[in-house]
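Novice: No sequence on hand, only this structure:
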C-alpha cells in the first residue's frame, strides 16, 4: 500500500506540473512545484515507477503549447534524469521538423554530445543530420575526438559522410583501426572526393590505411588505397580486378573510378560488377579521350545510362574539345544525339566565354531548325538577350524567327526590307505557302521603304499600300 501511495503521489505531481506548463498563469508557486517534482523523481528508485513517470512526461509534453515548450525545454535538457533530457532532445527534433525549433535550442542539442549519459549523447548524435547551425562541423569533430562509445561515434562519423569537411579527415582516420572501420572507410571515401589532392597528405594517409590493413581485412581499405595512392600504386592493385571475390573487385574498381583511373577498367566492360565503375570513372576524368571511349561502349550500355554519362563528360570539358566531340558525332550521323547534347550543354554554358557560347549556338540552331524545332531554337537565342552580339548569329536568329513565323522577333533583328526579301526569295522554292506570308509581312512592314528595284522583285508596280481591294485572298494572313 505504501509503495502504491508513493507511485500515485509521484504521478499526480508530475501530471499536475506538466499541465501547469500550458497555462499562462504567472503564479509564484510554479517554480516551487517544478522543484518539488524533480526532487520526488530523483528520490524514486523503483524502475517500474521510473518508467511510468517517463511515460507520463512523453504523453503530456505534446499537449503543452509551443510557446511554453520553448520556455521549458532548457530546463528539461538540464534535468537530473537522463531519460527526461532525451525527451527534451526528441521534442526539439519534432519542433525542428515543423520549422519551430530555435537556433539556441538546436545548439543545446549539439552541446548534449558531451553529456555524461550515453543515451543522451546517442539521441543528440542521431539528430545531427537535421541540424544546421554555425560551426556545426567543428562541434562534431570536437565531440568525436573524445567519444568512447562506438554507437555514438558511428553517428558522428556518418554525419561527415553526407556533410564532408576536410577537417574531419584526421579524427575519422583515427577511427579506422577500430570496430567502426566500415563507417570510417565509407566516410573517408566521401571526404576525399571533396578534398583537393595533396601528394604529401595523400601519401601520409595512405600509410595509415596500409597499416590498418595489417590488422583488419575490409574491402573499403582497397578503395582508399586506390584513391590515395599514386598511379604506380594503382597499377599494383590492378591485378585484384581478376579476384574471385566480387567485393574485392568492386572495391578496387570504385577506387579507380573516384580518381578517373578508368583505363584498367576497359577490359572489364562486360563485367556487371565493374562496368558501372568504368562509366563513373570516365565521367570523373571528363576529357575528350574519355568521351571517345564512352562512344565506343554505346552499343553495350543502356541508352539512358549512356546519355547521362555523355552529357556529364561533355558539359565539363573545354569548348574546343566539346566541338571536336560534336564533329565526331556529326561524322557518325548522330543528329538526334547531337541536338540533345548541344541543347543541354548550351543551357549549362553560363560559365563559358561569350565566344564559346556563340560557337556552340552556331552548331545548335541549324540542327534545331532542320528538325522543325525553330520555336525552341528562337527561345534559346532570345534567352541571351543582347549579350550575344555577333553578325552571323544575328543572321541566324533572323532566319530562325522567320521559320518560327515570329514576325516581331524577326523585325527586332532586321529593321530593313532587304534581308526579308532575301528570305522570301529562298523560301519561294522551298515552301511557297510560307513565301506568300513572308511577302505579305514585307509589304505590311516596309511599304514606305521599298525601292523601285525591291518593288519590282516583289512583283509590285510601285510601293504598295496594302488594302482589302489590292490584296489577293491567298496573301492574307489567317
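Specialist: It's in. Since the model is a prediction, treat every value here as computed from it, not as a measurement.
Novice: tell me the helices in the stretch 101-250 of the chain, going along the chain?
Specialist: For the stretch 101-250 of the chain, the helices defined by DSSP state H, counting those that start in this stretch cover 103-111, 118-126, 136-146, 150-162, 169-173, 181-193, 199-215, 219-228, 231-237, 246-258.
Novice: which of those helices sits most buried?
Specialist: Mean neighbours per residue, mean count of other C-beta atoms under 10 Å, is largest over the helices of the stretch 101-250 of the chain for helix 219-228, with a mean of 24. All C-beta spots, glycine's among them, are computed from the backbone N, C-alpha and C.
Novice: which one of the helices of the stretch 101-250 of the chain lies closest to residue 274?
Specialist: With C-beta to C-beta as the measure, helix 246-258 is the member of the helices of the stretch 101-250 of the chain nearest residue 274 (4.6 Å).
Novice: before we move on, back to that, mind checking the helices of the stretch 101-250 of the chain for the one nearest to residue 409?
Specialist: Minimum separation from residue 409 across those (C-beta to C-beta) falls at helix 181-193, 45.2 Å.
Novice: what does the closest one contact?
Specialist: Helix 181-193 has contacts (C-beta atoms under 8 Å, 6 or more residues apart in numbering) with 154, 157-158, 160-162, 164-166, 168-169, 172-173, 175-176, 178, 212, 216, 218, 220-221, 223-224, 227-228, 254, 258.
Novice: on that earlier part again, in JSON lines: the helices of the stretch 101-250 of the chain, plus distance to residue 349.
Specialist: Listed next are those as JSON lines, based on distance: least, C-beta to C-beta, whole Å:
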{"stretch": "helix 103-111", "distance to residue 349": "39"}
{"stretch": "helix 118-126", "distance to residue 349": "43"}
{"stretch": "helix 136-146", "distance to residue 349": "34"}
{"stretch": "helix 150-162", "distance to residue 349": "30"}
{"stretch": "helix 169-173", "distance to residue 349": "34"}
{"stretch": "helix 181-193", "distance to residue 349": "25"}
{"stretch": "helix 199-215", "distance to residue 349": "33"}
{"stretch": "helix 219-228", "distance to residue 349": "31"}
{"stretch": "helix 231-237", "distance to residue 349": "32"}
{"stretch": "helix 246-258", "distance to residue 349": "26"}
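Novice: Specify the stretch among these that is closest to residue 449.
Specialist: Nearest of the helices of the stretch 101-250 of the chain (C-beta to C-beta): helix 181-193, 62.3 Å.
Novice: Just the mean pLDDT for that closest one, thanks.
Specialist: Here helix 181-193 scores 94 as its mean pLDDT.
Novice: orientation of that helix relative to helix 150-162 in degrees?
Specialist: Relative orientation of helix 181-193 versus helix 150-162 (axes from the mean of the first three to the mean of the last three C-alpha atoms, to 10 degrees): 20 degrees.
Novice: now the angle between helix 219-228 and helix 181-193, please.
Specialist: 20 degrees.
Novice: can you give me how far helix 181-193 is from the chain middle?
Specialist: 19 Å (C-alpha atoms, centre = their mean, to the nearest Å).
Novice: Next, the angle helix 199-215 makes with that helix.
Specialist: 170 degrees.
Novice: Leaving out chain neighbours, which residue sits closest to residue 423?
Specialist: residue 402 (5.1 Å; C-beta to C-beta, 6 or more residues apart in numbering).
Novice: List the contacts of the one you found.
Specialist: So residue 402 contacts 410, 420, 423, 427, 438 (C-beta under 8 Å, 6+ apart).
Novice: Quickly note the distance from it to residue 346.
Specialist: Going from residue 402 to residue 346 by C-beta to C-beta, to the nearest Å gives 21 Å.
Novice: ok, now residue 216?
Specialist: With distances taken as C-beta to C-beta, residue 216 is found 50 Å from residue 346.
Novice: more crowded one of these two?
Specialist: A side-by-side neighbour count of residue 216 and residue 346, using other C-beta atoms under 10 Å, places residue 346 first with 20 against 13.
Novice: Verify the contact between the more buried one and residue 357 for me.
Specialist: Yes: between residue 346 and residue 357 there is a contact at 7.1 Å, judged by C-beta atoms under 8 Å.
Novice: pLDDT value on the residue nearest to residue 265 when sequence neighbours are not counted, please?
Specialist: In space, and not counting its chain neighbours, residue 265 is closest to residue 278: 4.1 Å by C-beta to C-beta, 6+ apart. Note for residue 278: predicted pLDDT of 96.
Novice: Let me see the contact set for residue 278.
Specialist: 253, 257, 262, 265-266, 268-269, 297.
Novice: now swap in residue 100 and tell me
Specialist: Contacts of residue 100 (C-beta under 8 Å, 6+ apart): residue 66.
Novice: Which pLDDT value goes with the residue lying closest to residue 93 once chain neighbours are set aside?
Specialist: The shortest distance from residue 93 to any non-neighbouring residue, by C-beta to C-beta, 6+ apart, is to residue 127 (5.3 Å). Residue 127 is assigned 96 on the pLDDT scale.
Novice: what number of residues lie near residue 127?
Specialist: 20.
Novice: for the chain, what are the low-confidence residue spans?
Specialist: Residue ranges of the chain with pLDDT under 70: 1-50, 52-63, 384-388, 461-478.
Novice: Report the contact partners of the most centrally placed residue in it.
Specialist: For the chain, the residue nearest the mean C-alpha position is residue 162 (11.7 Å; C-alpha atoms, centre = their mean). Going by C-beta under 8 Å, 6+ apart, residue 162 touches 129, 190.
Novice: And for residue 86?
Specialist: Contact analysis of residue 86 by C-beta under 8 Å, 6+ apart lists 119-120, 123.
Novice: Next one: the closest residue to residue 101 other than its chain neighbours relative to residue 71, how far apart?
Specialist: Nearest residue to residue 101, sequence neighbours excluded (C-beta to C-beta, 6+ apart): residue 95, at 4.0 Å. Residue 95 is 13 Å from residue 71, where distance means C-beta to C-beta.
Novice: again, but for residue 408
Specialist: From residue 408 to residue 71 the distance is 63 Å (C-beta to C-beta).
Novice: Perfect, that will be all.
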